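In: Sequence first, predicted coordinates after that:
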Amino acid sequence: MAPPSILVQRDYDDLSHAGADFVASIVAARPDATVLVATGETPMGLYAELALRQKAGTFDGSRLRVFQLDEYAGIADQDRRSLYGWTLRAFVDPLRIPHERVVRLPSRSDIPGGCAAYDRSVADAGGIDLAILGIGVNGHVGFNEPPSDRWTTTREVELTPETIRANTRYWGQEERIVRRGVTVGMTTLISARRVLLVASGTGKRDIVRRAMLGPVSAEVPASLLREADDVTLLVDRLAWNGMA
Ligand code: GLP
């Protein structure tokens, strides 16, 4: 466990480029790496940059093995709010990764059984090489809402009112937000060989500081990532010191 590397970029564009460089260097060393992929707005620029490089032939992510990070509970595949669908649209399809190489979370029937099967797939794959994560305003990673301790496994959770409010950015009014989620547990995230945590904008400044500089605590699940072997925080200036 080493202190996190903190990469502060001028703005969101630079953050997206630096994030793509970071991922590309890992993929160059290990083209079939296992990658846990967050949805949310923050990593979208990074994924778009990787997609451009894939198209230009300067990067090849097609052999990656993708693991879904989180999902809303009870949602159908065709539902536009499906986070599996978002993962396919933003990462898997642009990088031409066959869908058989995606390990997904359960969302409907037998969620406990599906979560246990998911954790077995992570173990069978030899663990996660790279986890690309965002951070919620309450310090959640995936849907590991506070408090989530370091031993939590993949499971169904109740979303906090703060997260439900924050997720209206994606789908419109609160009634459209599903109130339960399924998330990869903290134990898998902390065990990832590399963790890339991305944050952008002033709205994330306070929680980024608490996660990186405050006490390591289940009350701020992102702070537990500091127990991982190799963590990189990639932020723009607004998310680090509130200055453009
Ligand atoms: C959401 C998701 C997370 C995401 C985080 C930050 O609720 N469950 O996986 O990383 O919040 O999202 P954003 O990047 O849109 O701020």
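Out: Great, that's in hand.
In: make it CA atoms for all contacts and neighbour counts henceforth
Out: Noted.
In: Please pull out the lowest mean pLDDT helix or strand from this protein.
Out: Sorting the helices and strands of the chain by mean pLDDT, DSSP states H and E puts helix 161-171 at the bottom, at a mean of 92.
In: So for that one, what gets flagged as buried?
Out: 163-164, 167 (16 or more other Cα atoms under 10 Å).
In: List, out of these, those positioned next to the ligand.
Out: Filtering those for neighbours of the ligand using Cα under 6 Å from any ligand atom leaves 163, 167.
In: one step back: can you name every helix or strand that the least confident helix or strand of the chain contacts?
Out: The helices and strands touching helix 161-171, judged by 3 or more Cα pairs under 8 Å, 6 or more residues apart in numbering; DSSP states H and E, number zero.
In: Following the chain onward from it, which element is next?
Out: Remark: after helix 161-171, the chain's next helix or strand is strand 180-183, criterion DSSP states H and E.
In: looking only at pLDDT, what's the mean for that following strand?
Out: Here strand 180-183 scores 98 as its mean pLDDT.
In: Now do the buried residues in it.
Out: The neighbour-count check on strand 180-183 (16+ other Cα under 10 Å) flags 180-183 as buried.
In: Give me the residue ranges of the protein where confidence is low.
Out: 1 (pLDDT under 70).
In: on that earlier part again, output the least confident helix or strand of the chain as CSV - backbone C-alpha positions only.
Out: Coordinates of the C-alpha atoms in helix 161-171 are reproduced here as CSV (Å, rounded to 0.1, in the frame of the first residue of the first chain):
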residue,chain,number,x,y,z
PRO,A,161,-31.5,10.0,-0.9
GLU,A,162,-28.4,11.9,-1.9
THR,A,163,-27.5,9.3,-4.6
ILE,A,164,-31.1,9.2,-5.9
ARG,A,165,-31.0,13.0,-6.2
ALA,A,166,-27.5,13.0,-7.9
ASN,A,167,-28.7,10.3,-10.4
THR,A,168,-31.5,12.5,-11.7
ARG,A,169,-28.7,14.1,-13.8
TYR,A,170,-28.8,11.0,-15.9
TRP,A,171,-32.5,10.2,-16.2
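In: And for that helix, what's in contact with it?
Out: 81, 136-138, 174, 176-179 (Cα atoms under 8 Å, 6 or more residues apart in numbering).
In: List the buried residues in the helix or strand containing Val8.
Out: Taking DSSP H and E as the criterion, Val8 maps to strand 5-9. Within strand 5-9, the residues scored as buried using 16+ other Cα under 10 Å are 7-9.
In: circling back to that earlier point, can you give me how far the least confident helix or strand of the chain is from the chain middle?
Out: 16 Å (Cα atoms, centre = their mean, to the nearest Å).
In: Tell me how many other residues crowd Arg193.
Out: For Arg193, the neighbour count with other Cα atoms under 10 Å is 16.
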